[in-house]
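In: missing the sequence, but the structure's below:
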């Protein structure tokens, strides 16, 4: 009778390949009857001749796992379990699942191998002063800076370990810089600049993941190459009751360090949803070279003699907040104890 069931089911698939309930019931009946050899043969025939949906194939693999396990073929059961996790990395056990199936599957976990992500947000910078050269600013006061902007970042992630990932993440940022300095009680010198940068960070990120946590923090650090793409500025002194004509901003990139290097670090709060991760990023970076080139401090004759200003020498300390989304492209299955059974 059992052989007849198998032959009829195989014939149904060979001719129509549509009657899924009968096939799935046949798998369950063979397992319940303890006919593991026939179940494995039937599973192989489905794999070879039938066109199964993803859900149907998962049911086939599920009963194949328990048949191998009950038969004592532990390596084959593990191999099929790995394949199951690769096809369904977010599978949640059901009450109807055989206990042996759960025991085998729980020896593994899935991990994203490659991901792509994008983030955008606001950036701020603080100048860490090295040299201020006053010409008229004899009051002893320090200049006030306000540097802010926005950034867009794209990233490619490779995860060799469950809690460790490597990222290459180009970032484009645009800033507005405003420097003010009182010269008298009624006059203030103003220096305004717009600049944009391209950075190429190399990042190592460590995640604190517990089980299949939906929310988890991570820490990251690394280094980046930084390139100044553009810079334009103007300068003037305004005074109460005096009309000042403000000139257009001119290109001043020749007075800067166009290439720079930074160390960086930060933290993320991640929210997992299947193949997608949403995150909030808080980061900081510190330049190794000064923003303005001190070797060219006297090169801008107009700024020095008309506006009585020599550019400050400082390193940039940048910090900001971004929100982003990451899509996991490929998953791999890993044994918890370096072997499955």
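Out: Yep, that arrived. Just so you know, these numbers come straight off a predicted model, no measurement behind them.

In: low pLDDT regions in the stretch 51-200 of the chain?
Out: Low-confidence segments of the stretch 51-200 of the chain, defined by pLDDT under 70: 136-140.

In: now the strands for it?
Out: Using DSSP state E, counting those that start in this stretch, the strands assigned to the stretch 51-200 of the chain run over residues 108-131, 144-161, 164-168, 171-182, 187-207.

In: same deal with the stretch 201-341 of the chain?
Out: For the stretch 201-341 of the chain, applying DSSP E, counting those that start in this stretch gives strands covering 215-239, 250-251, 259-273, 276-287, 313-335.

In: by mean pLDDT, show me the worst of these.
Out: Of all those, the minimum mean pLDDT falls on strand 313-335 (a mean of 90).

In: partners of that one in the sheet?
Out: strand 108-131 (antiparallel), strand 276-287 (antiparallel) (DSSP bridges).

In: mean neighbour count added to those, as JSON lines?
Out: Just so you know, the C-beta spots here come from the backbone N, C-alpha and C atoms, and that holds for glycine as well. Shown next, in JSON lines, are the strands paired with strand 313-335 (neighbours: other Cβ atoms under 10 Å):
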{"stretch": "strand 108-131", "mean neighbour count": "17"}
{"stretch": "strand 276-287", "mean neighbour count": "18"}
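
In: would you convert those into TSV that also reports distance to residue 178?
Out: Listed next are the strands paired with strand 313-335 as TSV, based on distance: least, Cβ to Cβ, whole Å:
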stretch	distance to residue 178
strand 108-131	12
strand 276-287	19
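
In: nearest to residue 257, out of those?
Out: Checking those against residue 257 by Cβ to Cβ gives strand 276-287 as the closest, at 8.5 Å.

In: show me how the chain divides into domains.
Out: What automatic domain parsing lists as the domains of the chain is 2-106, 111-332.

In: quick one: distance of the first one to the chain centre.
Out: Right, domain 2-106. 37 Å (Cα atoms, centre = their mean, to the nearest Å).

In: again with the last one
Out: The gap between the average C-alpha position of domain 111-332 and the chain average comes to 19 Å, counting by Cα atoms, centre = their mean.

In: got the end-to-end distance for that domain?
Out: For domain 111-332, the separation between the terminal residues is 5 Å (Cα to Cα, to the nearest Å).

In: same list, the strands of the stretch 51-200 of the chain, but as TSV with distance to residue 23 please.
Out: As requested, the strands of the stretch 51-200 of the chain are arranged in TSV below (distance: least, Cβ to Cβ, whole Å):
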stretch	distance to residue 23
strand 108-131	26
strand 144-161	37
strand 164-168	41
strand 171-182	52
strand 187-207	41
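
In: circling back: so which of the strands paired with strand 313-335 comes closest to residue 240?
Out: Across the strands paired with strand 313-335 (criterion: Cβ to Cβ), the nearest stretch is strand 108-131, sitting at 27.5 Å.

In: before we move on, back to that, ok, which of the strands of the stretch 201-341 of the chain comes nearest residue 109?
Out: Taking the strands of the stretch 201-341 of the chain one by one with Cβ to Cβ, strand 313-335 is closest: 5.9 Å.

In: got the angle for that closest one vs strand 215-239?
Out: 170 degrees (axes from the mean of the first three to the mean of the last three Cα atoms, to 10 degrees).

In: so how far is strand 313-335 from its chain's centroid?
Out: Mean C-alpha position of strand 313-335 versus that of the full chain (Cα atoms, centre = their mean) differs by 4 Å.

In: re earlier: just tell me which of the strands of the stretch 51-200 of the chain ends up closest to residue 70.
Out: Closest to residue 70 of the strands of the stretch 51-200 of the chain, according to Cβ to Cβ: strand 108-131, at 18.7 Å.

In: which positions in the helix ranked longest in the chain come out as buried?
Out: For the chain, the longest helix by residue count, based on DSSP state H, is helix 54-71. Neighbour counts using 16 or more other Cβ atoms under 10 Å place 56-57, 59-69 of helix 54-71 among the buried residues.

In: would you mind giving those as CSV with distance to residue 242 added?
Out: CSV is the format used below for the buried residues of helix 54-71 (distance: Cβ to Cβ, whole Å):
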residue, distance to residue 242
56, 83
57, 81
59, 84
60, 85
61, 82
62, 83
63, 88
64, 87
65, 85
66, 89
67, 92
68, 90
69, 89
